[in-house]
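Participant: any chance you could fold what I've pasted below:
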Amino acid sequence: MANQFTRTWWGEKFIDSLEQNMDEGRLKRGRSYAGPNRLLKFDIKDQDITSTIRGNTNPYFGVYKEPKYKIKIKLKPIPDATWKKILKSLSTNAGWLSRLILDEMPDNIETVFKHHKQNLLPTTSSDLISKCSCPDYSNPCKHIAGTYFKVASLIDRDPFLLMTQL
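Facilitator: Next up, the predicted model:
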């Protein structure tokens, strides 16, 4: 599926994890919820992502007033002791350090995380715990997908977000 939100391998991989765990219809609708017309609030603090997304009115379903849905996403944290080991491993490779200084994510950086039995990017649905106040029974819903797309675009522009916030 063509992706207008990311241009780097790490941003694309974040979106790929979403595509693995979501039906195509909700994913497609979720793209439209990541834009400024729908995304009213957005915040990342530690491993917690919160957003407020404007929904649709739909008289057929009895929705006459524009709803605002609250989304919460919790990322699976890497234990502090493991982070220290990962950072020590990263600091021993001059190639990785030079790429990181240039705001680039080294292609093989995930080998360090895998060595420590961790993932830099989410790979399964258990890596992301999400909740939305909308009535959709599916998780992730289109509102959660919209929030994921926003996260992917931020990660794409600033890979350090993965190492400082997420």
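
Participant: report the residue spans of this protein with pLDDT below the cut-off.
Facilitator: The model of the chain has pLDDT under 70 over residues 1-5, 125, 162-166.

Participant: break it down into its structural domains.
Facilitator: By the assignment in automatic domain parsing, the chain contains the domains 9-77+127-164, 79-117.

Participant: in the lengthiest helix in the chain, what's buried?
Facilitator: Ordering each helix of the chain by length in residues (DSSP state H) puts helix 142-157 first. Across helix 142-157, burial judged by 16 or more other C-beta atoms under 10 Å covers 142-156. The way it works is simple: take the backbone N, C-alpha and C, and place the C-beta from them, glycine included.

Participant: residue 60: which of these is nearest?
Facilitator: residue 142 (17.1 Å; C-beta to C-beta).

Participant: list the contacts of that closest one.
Facilitator: Going by C-beta atoms under 8 Å, 6 or more residues apart in numbering, residue 142 touches 26, 27, 29, 30, 33, 136.

Participant: ok, so of the buried residues of helix 142-157, who is nearest residue 108?
Facilitator: Set against residue 108, the nearest of the buried residues of helix 142-157 by C-beta to C-beta is residue 155 (17.7 Å).

Participant: my read: that closest one touches residue 161, true?
Facilitator: Yes. Assessed by C-beta atoms under 8 Å, residue 155 is found in contact with residue 161 at 5.5 Å.

Participant: buried subset of the contacts of residue 142 as a PyMOL selection?
Facilitator: Of the contacts of residue 142, the buried ones can be selected in PyMOL as follows, counting by 16+ other C-beta under 10 Å:
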select buried, resi 26+27+30+33
